[in-house]
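Visitor: sequence plus the predicted model coming up.
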Amino acid sequence: MFLSLTFALAACGGEQTSADRVADKLDEAAEQSGPVAAEVIEERADQLRERETAAPVGQPGSYAQDTMRKAGAAAVQGEVPSEP
């Protein structure tokens, strides 16, 4: 499931900042996720919108990939992790 969401994230485009484009794709991924994962993804998308740039979705270690990793972990654990 998360692999297909990662591919869905790859279609960024438009006149927005790179951070806005990635955040929009994260919101789309959240809509296709369970409630715990969706909460993590939506929170991280909101945080990303405060930035102007974001690494491409396919770049190893990108914000989007890190978000999907955290959402997957939260879904497995059944709870949203608290950020320090």
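Guide: Arrived safely, thanks for sending. Residues are numbered from 1 along each chain as shown.

Visitor: could you pull up the residues touching the closest residue to Leu48 other than its chain neighbours?
Guide: Taking C-beta to C-beta, 6 or more residues apart in numbering, and ignoring the residues beside it in sequence, Leu48 has Ala23 as its nearest neighbour in space, at 4.4 Å. Placement of C-beta: from N, CA and C, glycine included. Applying C-beta atoms under 8 Å, 6 or more residues apart in numbering to Ala23 gives the contacts Ala45, Asp46, Leu48, Arg49, Ala54.

Visitor: now Gly61
Guide: Ala55.

Visitor: what's the weakest-modelled helix or strand in this protein?
Guide: Ranking every helix and strand in the chain by mean pLDDT, DSSP states H and E puts helix 2-9 at the bottom, with a mean of 49.

Visitor: low-confidence regions, the protein specifically.
Guide: In the predicted model, the chain carries pLDDT under 70 at residues 1-14, 81-84.

Visitor: helices of that one, start to end?
Guide: For the chain, helices defined by DSSP state H occupy the ranges 2-9, 18-31, 35-48, 63-77.

Visitor: nearest residue to the middle of the protein?
Guide: Centroid-nearest residue in the chain, with C-alpha atoms, centre = their mean: Leu26, separated by 3.8 Å.

Visitor: number of residues surrounding the residue lying closest to that one once chain neighbours are set aside?
Guide: Using C-beta to C-beta, 6+ apart and skipping the chain neighbours, the partner closest in space to Leu26 is Ala45 (3.9 Å). Residues contacting Ala45 under the criterion other C-beta atoms under 10 Å number 23.

Visitor: what residue of the chain is the furthest out?
Guide: Outermost residue of the chain (C-alpha atoms, centre = their mean): Glu15, 19.4 Å.

Visitor: distance check, it against Arg21.
Guide: According to C-beta to C-beta, to the nearest Å, Glu15 and Arg21 sit 9 Å apart.

Visitor: returning to that earlier point: quick one: which two of the contacts of Ala23 are the most distant?
Guide: Largest separation among the contacts of Ala23 by C-beta to C-beta: Asp46 and Ala54, giving 13.2 Å.
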